[in-house]
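>>> Here you go, sequence then predicted model.
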Amino acid sequence: MPSLRDVRMRIRGIDSTRQITRAMQLVATSKMFRAQDAVQKARPYAEKLTYVLGSLVAAIPEYEDPNPFLVRRDENKVAVVVFTSNRGLAGAVNSNVVRQTIEHIEQLRSANPGVDVSIIGIGKVGVRMLNKVAPIHSSYLDVPDQPSVSDVSTITDLAKNLYESREFDAIDVVFPSFVNTINQSPSISRLLPIEPVEHKGEELTNVNAPNYIYEPSAVSVLKTLIPRYLEIAMYRFALEASASEHSARMVAMRNATDNASELIDDLTLLYNRQRQSAITSEMIDIASGASALSQ
Amino acid sequence: MANLAVELVTPERTFLLDESNKKIDNVDAVITTGTEGEMTILPNHAPLITALAPGLLTLRSSVGETVFAVSGGFLEVNVNVVSVLADAAECSHEIDVERAKAARDRAREIIDTAVDSDEAMSARGALSRALGRLRAAERGDR
């Protein structure tokens, strides 16, 4: 049976923990709203850009000057870009991404036993948890909470250069995709080579795309569009990761705060009971003493 | 005569939506800077996709002109809908002239002192963006 003093100390300790988790919850909530807003705002641009890319690819006959970023190669060296957060206490978001990454790497290895997989880690948590699974090619630990296109352009440039220089034959991205505030599921997406684009559920071909005039030419527009497309793809991964992280942290911290409140309620009840029983036994002492004297 | 519907989207936000989030669709002409030079899109233009150079995007309608500074991107025309995909865009009355001037001067300085060509290239890009913004601000004032 803990003493009254012990119970009081525990209540105080839990209360200060609750203050911290509540503050973190509030911070995460405001960051979450901003991040979700950014995800929404980036969507129309990305969709339109993807559509233009698709119609371009469909318009250029395959034999004509194939763009290196669209050409599939034998996948002997694969880089996996992993988006995790820099800080923990964000529910299962990071561990889900890490688990998905490990599964994906195992799949790559079983599909092609000679494959050489490296990791490009974004966020401290992922880098720390994955360095035993595959070699870390490079890591980025300074992506801010509200990433802008230019914040991720160094990562995009790296991916582009690695693919162009044939250091890697394919680049995949694992990131926590933002479904809604309580649901973030890890997803895998192929960044390079660029996969065929779907529009409204079907692949664009030169039959169903409008017969565009390309100024100055489809090949040259494609050439300027691809770097932009990659940048936007990476930007969207970063935005989704950030929205997921803050949503998960908000939920985790809300649960922690609720738990702390519950614990405090239980302990307060215990404290009051003990205090009451202490008072009662004192009263009995006094009463029995008094009655002994009066006899 | 038919009119053009115009949308201007950037990764950060979408411009040119009215209160009910619908595209503006009373534009008579869109004047913009392609990589090959200035071009004007009139209603019933053939489907077109082009890359844009940093510069102005002017929308002319019966009400007047709206000017934007656009820092490169792409333009798509399809059945009287003009979609502009800009890397970044600013409406003329939102432009901070002082900041644009500072950016222009800084870019000029870098071009003059740059040692490697990459640096000069990116400064030249910054310079043309700054000049575009200044021109847009000037045009919008009139």
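It's in.

>>> what helices or strands is the top helix by length along chain B leaning on?
Ranked by number of residues, the top helix in chain B under DSSP state H is helix B:117-141. With contacts taken as 3 or more CB pairs under 8 Å, 6 or more residues apart in numbering or on different chains; DSSP states H and E, helix B:117-141 sits against strand B:48-61, strand B:64-70, strand B:89-91, helix B:97-113. All C-beta atoms are positioned from the backbone trio N, CA, C, and that covers glycine.

>>> So which bits of the lowest-mean-pLDDT helix or strand in chain B are buried?
The weakest-scoring helix or strand in chain B, judged by mean pLDDT, DSSP states H and E, is helix B:117-141 (a mean of 77). Buried residues in helix B:117-141, defined by neighbour count with 16 or more other CB atoms under 10 Å in any protein chain shown: B:120, B:123, B:126-137, B:139-140.

>>> Can you tell me the centre-most residue of chain A?
In chain A, the centroid-proximal residue (CA atoms, centre = their mean) is A:A241; its distance is 3.3 Å.

>>> Confirm that one sits in a helix?
Yes. Counting by DSSP: H, G, I helix; E, B strand; the rest coil, A:A241 falls inside a helix.

>>> That one is in contact with A:F83, isn't it?
Yes. Here A:A241 lies in contact with A:F83, judged by CB atoms under 8 Å, at a distance of 3.9 Å.

>>> who touches both of these two?
Overlap between the contact sets of A:A241 and A:F83, as judged by CB atoms under 8 Å, 6 or more residues apart in numbering or on different chains, is given by A:122-123, A:175-176.

>>> For ChimeraX, write the select line for the buried members of the residues you listed.
Selection of the buried residues among those in ChimeraX, burial being defined by 16+ other CB under 10 Å:
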select /A:122,123,175,176
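
>>> which ones among the shared contacts of A:A241 and A:F83 are found in strands?
A:122, A:175-176 (DSSP state E).

>>> Grab the nearest non-local neighbour of the residue in the stretch 151-295 of chain A that chain B sits nearest to.
In the stretch 151-295 of chain A, the residue that lies nearest chain B is A:E215 (3.7 Å; CB to the nearest CB). Take A:E215 and drop its neighbours on the chain: the residue closest to it by CB to CB, 6 or more residues apart in numbering or on different chains is B:T50, 3.7 Å away.

>>> Spit out the contact partners of the one you found.
When contacts are counted by CB under 8 Å, 6+ apart, B:T50 is found next to A:214-216, A:221, B:34-36, B:39, B:74-75.

>>> go on, A:P135?
When contacts are counted by CB under 8 Å, 6+ apart, A:P135 is found next to A:118-119.

>>> same deal with B:N80?
B:N80 is in contact with B:2-5, B:43-45, counting by CB under 8 Å, 6+ apart.

>>> quick one: the longest helix of chain B to helix B:97-113, angle?
150 degrees (axes from the mean of the first three to the mean of the last three CA atoms, to 10 degrees).

>>> How far does helix B:117-141 sit from its chain's centre?
Using CA atoms, centre = their mean, to the nearest Å, the distance from the centre of helix B:117-141 to the centre of the chain it belongs to is 11 Å.

>>> Secondary structure element for the residue of chain B most remote from its centre, which one?
Farthest-out residue of chain B from its mean C-alpha position, per CA atoms, centre = their mean: B:V115, at 30.4 Å. Secondary structure from DSSP states H and E places B:V115 outside every helix and strand.

>>> And the residue of chain B closest to chain A?
Here chain B gets closest to chain A at one residue, B:T50, 3.7 Å apart by CB to the nearest CB.

>>> Next one: that residue relative to B:V79, how far apart?
16 Å (CB to CB, to the nearest Å).
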